[in-house]
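K.L.:
Please find the sequence and the predicted model below.
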Amino acid sequence: MWKNKLFWMELTFIFAIVFILISYKLPQGKVMYKKTGRYVIGTYDYGLFISQASNDYFYNVSPLDFYIKNGYSISDKKNYLLAQNNNYNKTNSLPKIEQLYYSIASYFSLTQPFALFDSLNENVKLTSSTKDDVVRFTLISPNKNLSDKNIFMTMSFNENDLIIDNNGYMYTKINEYEKAGLKNLYDIEIRDINDISQTILSIDRSAEFIVIINKNMPGLIKISNTDNAYKLGNIDKEKMLISIAVQNSEQPFFEINFQERLQ
């Protein structure tokens, strides 16, 4: 009697699992989704994104925007690291059972969100790792020698974001009301850069870091210069991308830091 009951309980459990696997729908374009503090990091069709769980503002890191510096002028035509046509994050086209596994594993921190690109001769993986309020993005390629290339990794920003460095230089448009608000909030004197009208702005070489402030999100995102891993490059206001010159290595990376206040 008990054995029969146990058999039907097990059978019911198996059918329930099968039903869940068949009916489960992953969020569109978000196979992996991990919370870190008040922010979340996840996959989308062209790489990885960062946002707040209850917010519509995203900061994207996509290998399709990464480029190789082949000249001295910041306005030189970009030599993109990957082919631009018909190339997208293969993580989002894995078999459904694998997508489900990675979705659950990333939620419980068994794995970190990553993006894959493997069209033609390209095989590139963009990984993420988190520690406290720091997120590291690392570029890995088993069949591309990245150590001999001057690679710029990028992160997007939003149209109404304010980008400022520790010297007070503002790289995006700001009105007098916002200037006064920043001065009161962070006790910093805002300074305009000379070529603010240019589409691409070089980040001041003496800057130790830049911060991104979104008026609709609490806190800020900070990207610091490092001695030997990566350096702040430039800001493309048209494409809304921040470029970071990463060290010539087999696995180049850069980090962002979430902070409550400007420090």
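P.N.:
Received, thanks. Residues are numbered from 1 along each chain as shown.

K.L.:
alpha carbons only for contacts and neighbour counts from here, please
P.N.:
OK.

K.L.:
for the stretch 101-250 of the chain, what are the low-confidence residue spans?
P.N.:
The stretch 101-250 of the chain contains residues with pLDDT under 70 at 101-103, 105-110, 119-122, 143, 194.

K.L.:
one more time with 80
P.N.:
101-111, 118-123, 142-149, 185-186, 192-197, 218, 248-249 (pLDDT under 80).

K.L.:
what about the strands in it?
P.N.:
Per DSSP state E, counting those that start in this stretch, the stretch 101-250 of the chain carries strands over the ranges 114-117, 124-131, 134-140, 151-156, 162-165, 169-170, 191-192, 200-202, 209-213, 220-224, 230-236, 241-246.

K.L.:
Would you convert those strands into JSON lines that also reports distance to residue 252 and mean neighbour count?
P.N.:
Converted to JSON lines, those look like this (distance: least, CA to CA, whole Å; neighbours: other CA atoms under 10 Å):
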{"stretch": "strand 114-117", "distance to residue 252": "15", "mean neighbour count": "24"}
{"stretch": "strand 124-131", "distance to residue 252": "10", "mean neighbour count": "18"}
{"stretch": "strand 134-140", "distance to residue 252": "6", "mean neighbour count": "18"}
{"stretch": "strand 151-156", "distance to residue 252": "8", "mean neighbour count": "24"}
{"stretch": "strand 162-165", "distance to residue 252": "23", "mean neighbour count": "22"}
{"stretch": "strand 169-170", "distance to residue 252": "28", "mean neighbour count": "20"}
{"stretch": "strand 191-192", "distance to residue 252": "32", "mean neighbour count": "14"}
{"stretch": "strand 200-202", "distance to residue 252": "21", "mean neighbour count": "19"}
{"stretch": "strand 209-213", "distance to residue 252": "19", "mean neighbour count": "22"}
{"stretch": "strand 220-224", "distance to residue 252": "15", "mean neighbour count": "20"}
{"stretch": "strand 230-236", "distance to residue 252": "8", "mean neighbour count": "22"}
{"stretch": "strand 241-246", "distance to residue 252": "6", "mean neighbour count": "23"}
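
K.L.:
can you list the ones you listed in JSON lines and add distance to residue 59?
P.N.:
Formatted as JSON lines, those follow (distance: least, CA to CA, whole Å):
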{"stretch": "strand 114-117", "distance to residue 59": "15"}
{"stretch": "strand 124-131", "distance to residue 59": "14"}
{"stretch": "strand 134-140", "distance to residue 59": "12"}
{"stretch": "strand 151-156", "distance to residue 59": "5"}
{"stretch": "strand 162-165", "distance to residue 59": "13"}
{"stretch": "strand 169-170", "distance to residue 59": "19"}
{"stretch": "strand 191-192", "distance to residue 59": "24"}
{"stretch": "strand 200-202", "distance to residue 59": "19"}
{"stretch": "strand 209-213", "distance to residue 59": "10"}
{"stretch": "strand 220-224", "distance to residue 59": "10"}
{"stretch": "strand 230-236", "distance to residue 59": "14"}
{"stretch": "strand 241-246", "distance to residue 59": "9"}
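
K.L.:
Point to the residue nearest the middle of this protein.
P.N.:
Central residue of the chain (CA atoms, centre = their mean): residue 61, 3.5 Å from the mean position.

K.L.:
Give the bridge partners for it, please.
P.N.:
residue 48 (DSSP bridges).

K.L.:
ranges for the helices of the protein?
P.N.:
Here the chain has its helices, by DSSP state H, at 2-23, 96-107, 176-186.

K.L.:
Can you list the buried residues in stretch 48-63?
P.N.:
48-52, 57-63 (16 or more other CA atoms under 10 Å).

K.L.:
do the same with stretch 189-209
P.N.:
For stretch 189-209, the neighbour count (16+ other CA under 10 Å) marks 190, 200-204, 207, 209 as buried.

K.L.:
Of these, which pair is most distant in space?
P.N.:
190 and 200 (19.8 Å; CA to CA).
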